[in-house]
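*Asks:* Okay, predicted coordinates and the sequence, questions at the end:
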Amino acid sequence: MRNYINNLPITGYTLITPFKFNDSEYQVLAARRSKTTKDYTQQYSYFRGKKEITDKTYRDCVKRETLEELKLKVEGHKLQLYMIHEYLSKNKLGTDPILQTDNLEDAKFLVQVPMYLYLMTTLDQTRWKYNEPNNMEKPKWITYEECTHKIWTPSLQYYNAQIFEKHILNYVHKWTQKGKITANLIKREFPDLAKENHSLGDEQTIA
């Protein structure tokens, strides 16, 4: 089975989850796919895009797609890869995944999805703009509790709990303990953590 999977052609796309800290809880920016989209109609998702020839890396793909969909210029030092999700698909777009009831031989592609987190600072939250009306409804900030009451695209239906309970917390830990960030910015974005981890004026860099 593993040999068969290893010999499949690889395709994929990137996924970015913008998040913020608000009213003592984390919120993510997400959007429901429009009624006119061909796949996963009216299901919630984060912001995704297929790597193009002009993208040298997946990080370049994420930056380009975020600029196109949200008119937001991503700062590379705040972009953190937290998972590479893999699944098998019958088509190159990855929209026809192999189910447990399918035969392994029905798989024609191995889909790889690098998934990124991105901290939306107070300034970022005033800069982004809704720029994909044909593909998605206007994005909105939602809490984990709100996430549990929405229908998501298949991969995210399983991973949202991990995103909130593990990956966002790891991201914040790195930023407030190890990350390259000034104490003043920490205090503004994470007021409850600033006093615990930094004295004013300190700056830490990743080793």
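*Replies:* Now that the structure is in, tell me what you want to look at. Bear in mind the structure is a predicted one, so any value in this text is a computation, not a measurement.
*Asks:* which ones are touching the closest residue to residue 55 other than its chain neighbours?
*Replies:* Nearest non-adjacent residue to residue 55, counting by C-beta to C-beta, 6 or more residues apart in numbering: residue 61, 4.2 Å away. No exception for glycine: its C-beta is placed from N, CA and C like everyone else's. By C-beta atoms under 8 Å, 6 or more residues apart in numbering, the contact set of residue 61 is 13-14, 49-52, 55.
*Asks:* same thing but at 10 Å, please
*Replies:* Contacts for residue 61 were tallied using C-beta atoms under 10 Å, 6 or more residues apart in numbering; they are 12-14, 16, 48-52, 54-55, 114, 116.
*Asks:* biggest helix in the chain by residues?
*Replies:* helix 58-70 (DSSP state H).
*Asks:* ok, and for that helix, which residues are buried?
*Replies:* For helix 58-70, a neighbour-count test (16 or more other C-beta atoms under 10 Å) marks 58-59, 61-66, 69-70 as buried.
*Asks:* tell me the strands in this protein, going along the chain?
*Replies:* 10-12, 14-22, 25-32, 44-45, 47-49, 79-89, 109-119, 140-142, 181-182, 203-204 (DSSP state E).
*Asks:* The first one - contacts with which helices or strands?
*Replies:* Counting contacts by 3 or more C-beta pairs under 10 Å, 6 or more residues apart in numbering; DSSP states H and E, strand 10-12 is packed against strand 79-89, strand 109-119.
*Asks:* before we move on, the earlier item: put the buried members of the contacts of residue 61 into a PyMOL selection.
*Replies:* Remark: buried members of the contacts of residue 61, expressed as a PyMOL selection using 16+ other C-beta under 10 Å:
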select buried, resi 12+13+14+16+48+49+51+55+114+116
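*Asks:* Need the contacts of residue 61 in a markdown table (columns: pLDDT and distance to residue 155).
*Replies:* A markdown table is the format used below for these (pLDDT from 0 to 100; distance: C-beta to C-beta, whole Å):
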| residue | pLDDT | distance to residue 155 |
| --- | --- | --- |
| 12 | 86 | 12 |
| 13 | 90 | 11 |
| 14 | 92 | 12 |
| 16 | 96 | 14 |
| 48 | 91 | 10 |
| 49 | 90 | 15 |
| 50 | 90 | 15 |
| 51 | 87 | 17 |
| 52 | 90 | 21 |
| 54 | 92 | 25 |
| 55 | 91 | 21 |
| 114 | 91 | 12 |
| 116 | 94 | 14 |
